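Peer 1: Here is my input; please provide its structure:
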Amino acid sequence: MEILYLPWSRALSMCYRLAEIILDSGESFTTVLTISRGGLVPARIVSDVIGVDDFHVVRSRFWGVGGRILEEPEISYYGGIELKNKKVLVVDEVVDTGTTMSRIVRLVNSLGAREVKTAVLHYKTSSSFIPDYYVERVEKWVWIYYPWSFSETLFELARQEDSNNILEKAFEILRRLNASELYLDPHRISNSLNAYLRNWVAAKQGSEAKRKY
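Peer 2: Just a heads-up that it's a prediction; the model follows:
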């Protein structure tokens, strides 16, 4: 699997570039809606720059590192989201197949939005959905390693390569990617990965127990 690693400086620069593109378009929005968890950082920056404080979060589960984890996106949100007659900007980090974004747009429309537009950092041309605003067009499929999912992504990459030596493999991956701007020291990276390892082992044991019964 080919990986594109983004340090914080580049990722934040892209977030602000996305905000500039929207600002320069002359469009105005009443609401920003983001797809958690990947879209949270870009959406917060965009909402600040374009001056929109009506901010909503929708949770979507569809992808894991290396591939899909569900057949269809699993969408959930808490509390009431009032979108009737509003002009909504949906922000995420990337559109890959376009399945998640398409479903979110349908949800927003079903909640009575007057107009919906979409914005992402990366638009992969493999996507069936073309966003209204994006920073980079990605012609060749790569897994994009965003800094706001540092430990989660690193754990999954290491687990896929060698589930018996996750910590050792994780540091090897960081060296291979020439990972920079790391805000955790090696000891704390290990502790963070161990937390993911404990959760993964517990989930695996739970699945095995269910199969037995």
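
Peer 1: switch to C-alpha atoms for all contacts and neighbour counts from now on
Peer 2: Fine.

Peer 1: Quick check: which ranges of this protein have low pLDDT?
Peer 2: For the chain, the stretches with pLDDT under 70 are 61-73, 76-79, 207-213.

Peer 1: Pick out the residue closest to the middle of it.
Peer 2: Nearest to the mean C-alpha position of the chain, counting by Cα atoms, centre = their mean, stands residue 38 at 2.4 Å.

Peer 1: Pretty sure that residue sits against residue 91.
Peer 2: No. Using Cα atoms under 8 Å, residue 38 is not in contact with residue 91, being 9.5 Å away.

Peer 1: What helices and strands are in contact with the lengthiest helix in the chain?
Peer 2: Secondary structure of the chain read by DSSP state H shows that its longest helix is helix 186-212. Helix 186-212 sits against helix 150-161, with contacts defined as 3 or more Cα pairs under 8 Å, 6 or more residues apart in numbering; DSSP states H and E.

Peer 1: Next, count neighbours for residue 200.
Peer 2: Each residue near residue 200 was counted by other Cα atoms under 10 Å, and the total is 15.

Peer 1: quick one, what contacts it?
Peer 2: For residue 200, the contact set (Cα atoms under 8 Å, 6 or more residues apart in numbering) is empty.

Peer 1: if I look at it, how far off is residue 193?
Peer 2: 10 Å (Cα to Cα, to the nearest Å).

Peer 1: Likewise for residue 153?
Peer 2: The separation that residue 153 has from residue 193, given Cα to Cα, amounts to 10 Å.

Peer 1: returning to that earlier point: phi first, then psi, for the residue nearest to the centre of the chain.
Peer 2: phi -60, psi -30 (degrees, to the nearest 10).

Peer 1: Residue 36 too?
Peer 2: Here residue 36 shows phi and psi, under degrees, to the nearest 10, equal to phi -80, psi 140.

Peer 1: from memory it sits against residue 60, does it?
Peer 2: Yes. The pair residue 36 / residue 60 is scored as a contact, 6.3 Å apart, by Cα under 8 Å.

Peer 1: Residue 162 is in contact with residue 169, isn't it?
Peer 2: Yes. Checked against Cα under 8 Å, the pair residue 162 and residue 169 is within contact range at 6.7 Å.

Peer 1: one step back: for the longest helix of the chain, buried residues please.
Peer 2: Across helix 186-212, burial judged by 16 or more other Cα atoms under 10 Å covers 189, 190, 192, 193, 196, 197.

Peer 1: Excluding chain neighbours, what is closest to the second one?
Peer 2: Nearest residue to residue 190, sequence neighbours excluded (Cα to Cα, 6 or more residues apart in numbering): residue 167, at 6.6 Å.
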